[in-house]
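# need a 3D model of the sequence below.
(2 chains)
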Amino acid sequence: MDDFLLLAFAAGVGVTIIAGPLGCFMVWRRMSYFGATLSHSALLGVALGLILDLNPLLGVIAICVAISTALYAMEGDQRFASDTILGILAHGMLALGLVVVAFLDNVRIDLMGYLFGDILSVSPFDLIWVYGGAVVCLILLALIWRGLLSMTVHEGLALVDGVPLGRVRLIFMLMIAFVIAVSMKIVGILLIISLLIIPPATARRFSRTPEQMAFYAIILGAISVLGGLAASAYIDTPAGPSIVVVSMLLFFFTAMPGVARRQN
Amino acid sequence: MIEDLDDGALIRATDLTVSRGGKPVVDNISLSVNSGEIVTLVGPNGAGKSTLINALLKLIKCDSGRVERKPGLVIGYVPQQLEIDPTLPLDVRRFLFLGARNSLPNLETTLREVGFSTSLDIPVQGLSGGELRRVLLARALLREPELLVLDEPTAGIDFAGQGELYELIRAIRDRRKCGILLVSHNLHLVMAATDHVICLNNHICCEGKPDTVSRNPAYLEMFGSDTVDSALAFYTHHHDHRHDLAGTPIKETGNQRQEAGNG
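Modelled structure (predicted):
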């Protein structure tokens, strides 16, 4: 295996380690459209990062936090369904990102790389970001796991049980922002959400507990990365989209009768 | 927290107001619940019952007024509904343990107390309305609460089951001596057990002992005159609709959706 493939595989697995469990919560909390809105805003974050001469990852994290805070603040607003607001923001922010990027004369920006991923160009430095962040996220997630699960079941019950809702919500949001920022390189802004949603959805069929589902989601994510990279190496398909296609095929294959009996 | 709640009151709201879209949903309400007392909130849909409960539990902020609790008060809460996404693999046992800080030595006894006899290994999403109510009640009781807050405990339960459930609630109060705050849209069913009824339609229309309230003109106006006869019966029909009588239109409020949307 070539070095760049190894690096790509390592980065992909690093992302799935955290995308698996977080994606489970996004599925349980029905946040896939919310996640898509954040990830579509990421391009604007990249552009802002470049303008302000910061690491683009920080720009992405900042914009994700800003958007989710704004969405949270608008939650009580009854004039528009949250679905409508998400629809406006998801595409509006992507368009805004594309417009702002067009104004960046002095920097060359690999637009296709940001939109569809550029996993084969992962550098050892990127790996440090991915694994450093994944370890921090996993520790944080372990700390808030019970509270977050409790909130997912029922916020009122969680509050009465003494879960600090605001703090748990903030940590969860920051982790989503982080995972979006690092997955951008792997599958690209337009496909990030599939990395978060498909493996947990597939894992559901094999799982009897929330923890099992999170674990299987990591495994399935890693298999998708491996399959996608293999396809890219042997039949020369684009790597990022191939990962998503493999992930989707796994979902449909396990959905076929007789392949997996749905647990409880 | 204010010290004057050593007088036996577990929780006390004073002049509580919560507004939605500039309109008070909970309008200047004061109430308190003491140990061993069952306080029932009745009122039509949109009367602000759930909003009041959420404000008391500090799930939502109130615009004015204050809520005081006995220091260290342990609350057991049974929400009106539980909508868990089917993608979350969660069996009943795990659900019960989510709320517990330690092991659950009283699990067996509590389940027997609430009459839950179904397997603990089935998914929470697969429980019937009645079973879910019992599991939620068990979860609340496992905390050994001093105050039990029940939001429409009969939601999704058939008629015979409702009476049974209220009997159970009364038995819990008698056995555990805890205070109980109950939300219902049906006064008649809870009459026998309730100590204090608060009739709510955003503001407090009237309050007092159940038999007094059921004869109060404000209550009759809200629920209709046909309740005069039926108030004395134990089982009567539902009142989740509104009667429009004597040319006095009863204000329609559209808050129920918002209230239910908190989960």
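
# report the secondary structure state of A:A36.
helix (DSSP: H, G, I helix; E, B strand; the rest coil).

# isn't it up against A:I193?
Yes. Between A:A36 and A:I193 there is a contact under C-beta atoms under 8 Å: 4.6 Å. For glycine as for every other residue, the C-beta is placed from the backbone atoms N, C-alpha and C.

# neighbour count winner among the two?
Taking neighbours as other C-beta atoms under 10 Å in any protein chain shown, A:A36 and A:I193 compare with A:I193 leading, 26 against 23.

# tell me how many other residues crowd B:S119.
Quick note: B:S119 (other C-beta under 10 Å) scores 10 neighbours.

# I'd assumed it was in a strand, is it?
No. Per three-state DSSP, B:S119 lies outside any strand segment and is coil.

# what's the closest non-adjacent residue to it?
B:V92 (7.5 Å; C-beta to C-beta, 6 or more residues apart in numbering or on different chains).

# and if you look at B:N54?
Per C-beta to C-beta, 6+ apart, closest to B:N54 is B:I60, 4.7 Å.

# tell me the SS of the one you found?
Assignment for B:I60 (three-state DSSP): coil.

# quick one, phi/psi of it?
phi -130, psi 160 (degrees, to the nearest 10).

# who touches stretch B:115-134?
A:153, A:264, B:78, B:82, B:84, B:86, B:88-93, B:95-96, B:111, B:114, B:135, B:138, B:153-158, B:161, B:165, B:168 (C-beta atoms under 8 Å, 6 or more residues apart in numbering or on different chains).

# contact residues of the stretch 1-150 of chain A facing chain B?
A:27-30, A:78, A:146, A:149-150 (C-beta under 8 Å from any C-beta of the partner chain).

# quick one: pLDDT of the residue of the stretch 101-250 of chain B found nearest chain A?
As assessed by C-beta to the nearest C-beta, chain A sits closest to B:P123 within the stretch 101-250 of chain B, at 4.6 Å. For B:P123, the pLDDT comes out at 93.

# any idea how far A:A70 is from A:R79?
15 Å (C-beta to C-beta, to the nearest Å).

# more crowded one of these two?
The neighbour comparison of A:A70 against A:R79 (other C-beta under 10 Å) goes to A:A70, with 11 against 8.

# distance of A:S247 from B:P145?
45 Å.

# between those two, which has more neighbouring residues?
A:S247 (26 against 21).

# would you say the more buried one is within a helix?
Yes. Under three-state DSSP, A:S247 falls within a helix.

# quick one, phi/psi of the nearest residue to it once chain neighbours are set aside?
Spatial nearest neighbour of A:S247, excluding adjacent residues (C-beta to C-beta, 6+ apart): A:S224 at 3.8 Å. When quoted as degrees, to the nearest 10, the phi and psi of A:S224 stand at phi -60, psi -40.

# pick out the residue in the stretch 101-250 of chain A sitting closest to chain B.
For the stretch 101-250 of chain A, C-beta to the nearest C-beta, closest residue to chain B: A:V160, 4.3 Å.

# what sits against the closest residue to A:V101 other than its chain neighbours?
With sequence-adjacent residues excluded and distances taken as C-beta to C-beta, 6+ apart, A:V101 is closest to A:A47, at 5.0 Å. Contact analysis of A:A47 by C-beta under 8 Å, 6+ apart lists A:59, A:97, A:100-101, A:104, A:109.

# list buried residues within these.
A:59, A:97, A:100-101 (16 or more other C-beta atoms under 10 Å in any protein chain shown).

# flag every buried residue along whatever helix or strand A:L89 lives in.
Per DSSP states H and E: A:L89 is located in helix A:82-103. Across helix A:82-103, burial judged by 16+ other C-beta under 10 Å covers A:85-86, A:89-90, A:93-94, A:96-97, A:100-101.

# now those as CSV including distance to A:D3 and pLDDT?
Below are these laid out as CSV (distance: C-beta to C-beta, whole Å; pLDDT from 0 to 100):
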residue, distance to A:D3, pLDDT
A:I85, 45, 86
A:L86, 40, 88
A:L89, 40, 90
A:A90, 37, 90
A:M93, 36, 93
A:L94, 33, 93
A:L96, 37, 94
A:G97, 32, 92
A:V100, 34, 91
A:V101, 30, 89
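
# what pairs with the helix or strand containing B:L150, parallel or antiparallel?
Assessed by DSSP H and E, B:L150 sits inside strand B:147-151. Strands that pair with strand B:147-151, judged by DSSP bridges, come out as strand B:75-78 (parallel), strand B:179-184 (parallel).
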